[in-house]
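Engineer: Need a 3D model of the following:
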Amino acid sequence: MDLTNKIKKKILLDKFIYHYKNMRWAKGRHETYLCFVVKRRVGPDSLSFDFGHLRNRNGCHVEILFLRYLGALCPGLWGLDADERRRLSYSITWFCSWSPCINCSIKLTQFLTKTPNLRLRIFVSRLYFCDLEESREREGLRMLKRAGVHITVMKYKDYFYCWQTFVARNQTNFKAWEGLHQNSVRLTRKLTHISLLLLHSVDLRDAFRLLGLL
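Structural biologist: Numbering: from 1, shown residues only. Okay, the predicted model is just below:
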């Protein structure tokens with residue numbers, strides 16, 4: 001199986017429910033699944049579409065694993081002159097079972113600051129280690145937001161879209177599990193609280209210095 005087919009296989013129904021269920025205490029969910037949509041725009045009108053999914057492999061977090069596939073998913077993303085970059089752009093949407101850890105947030109932020117013709121949106125089912133106010137994972141999410149990443153908690157319509165697009169469902173209709181809406185509202189409030197605590201400075205060097213990276 002080649003690389004392209006490998007990441008375009010659909011998720012088994014039971015796997016999707018197990019890993020994406022937005023329960024309050026998600027014990028045993030040590031992997032992160034990432035469903036993605038890639039849109040490529042050339043000029044003002046031309047647009048192409050691609051999708052697939054990944055999960056953690058061999059100790060590599062799925063967010064970093066995705067970056068390794070970018071060359072195949074986003075041809076022409078690098079090595080362009082200024083005029084070509086203005087014509088070619090990519091919009092990537094992730095639907096993740098967990099929000100990124102601090103290390104992945106740092107690496108994603110560093111990558112995005114060097115790739116101005118790529119826009120990233122992240123929808124998350126659950127927030128990873130974000131309960132404590134001083135959590136480094138919280139600062140990682142704020143760092144991503146400062147880098148222009150749109151981060152949102154998944155709602156019913158997002159689970160339904162993933163079900164229709166990424167799941168091997170065999171015509172089975174999506175049925176919301178108990179607590180889906182309530183947990184989505186709770187996590188949205190928590191993410192909003194985290195976002196409201198953004199540092200006043202928009203200079204990413206301040207965030208890197210806060211985390212001991214400068």
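Engineer: Show me the helices in the protein, by range?
Structural biologist: Taking DSSP state H to define them, one finds helices in the chain at 3-8, 13-20, 62-68, 70-73, 82-87, 102-113, 136-146, 156-166, 180-196, 204-210.
Engineer: Show me what counts as buried in stretch 162-177.
Structural biologist: If you call a residue buried by 16 or more other Cβ atoms under 10 Å, then stretch 162-177 has these buried ones: 162-163, 166-167, 174. For the C-beta atoms, the positions are set from N, CA and C on the backbone; glycine is no exception.
Engineer: Tell me which of the helices of the chain lies nearest to residue 127.
Structural biologist: With distances scored as Cβ to Cβ, the stretch of those nearest to residue 127 is helix 180-196 (5.8 Å).
Engineer: Extract the C-alpha trace of that closest one and format it as CSV.
Structural biologist: What follows is helix 180-196, C-alpha atoms only, in CSV (Å, rounded to 0.1, in the frame of the first residue of the first chain):
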residue,chain,number,x,y,z
LEU,A,180,-22.0,14.9,23.7
HIS,A,181,-23.7,18.4,23.7
GLN,A,182,-23.0,19.1,27.4
ASN,A,183,-19.4,18.1,27.2
SER,A,184,-18.9,20.2,24.1
VAL,A,185,-20.3,23.2,25.8
ARG,A,186,-18.2,22.6,28.9
LEU,A,187,-15.0,22.3,26.8
THR,A,188,-15.9,25.3,24.7
ARG,A,189,-16.1,27.4,27.8
LYS,A,190,-12.8,26.1,29.0
LEU,A,191,-11.1,26.8,25.7
THR,A,192,-12.6,30.3,25.7
HIS,A,193,-11.2,30.9,29.1
ILE,A,194,-7.8,29.8,28.0
SER,A,195,-8.0,32.1,24.9
LEU,A,196,-9.0,35.1,27.0
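Engineer: Please name every helix or strand in contact with that helix.
Structural biologist: The elements that helix 180-196 packs onto, with contact taken as 3 or more Cβ pairs under 8 Å, 6 or more residues apart in numbering; DSSP states H and E, are helix 136-146, strand 150-153, helix 156-166.
Engineer: which residues sit against it?
Structural biologist: Counting by Cβ atoms under 8 Å, 6 or more residues apart in numbering, helix 180-196 makes contact with 22-24, 124, 126-127, 130, 138, 141-142, 145, 151-156, 159, all of which sit outside it.
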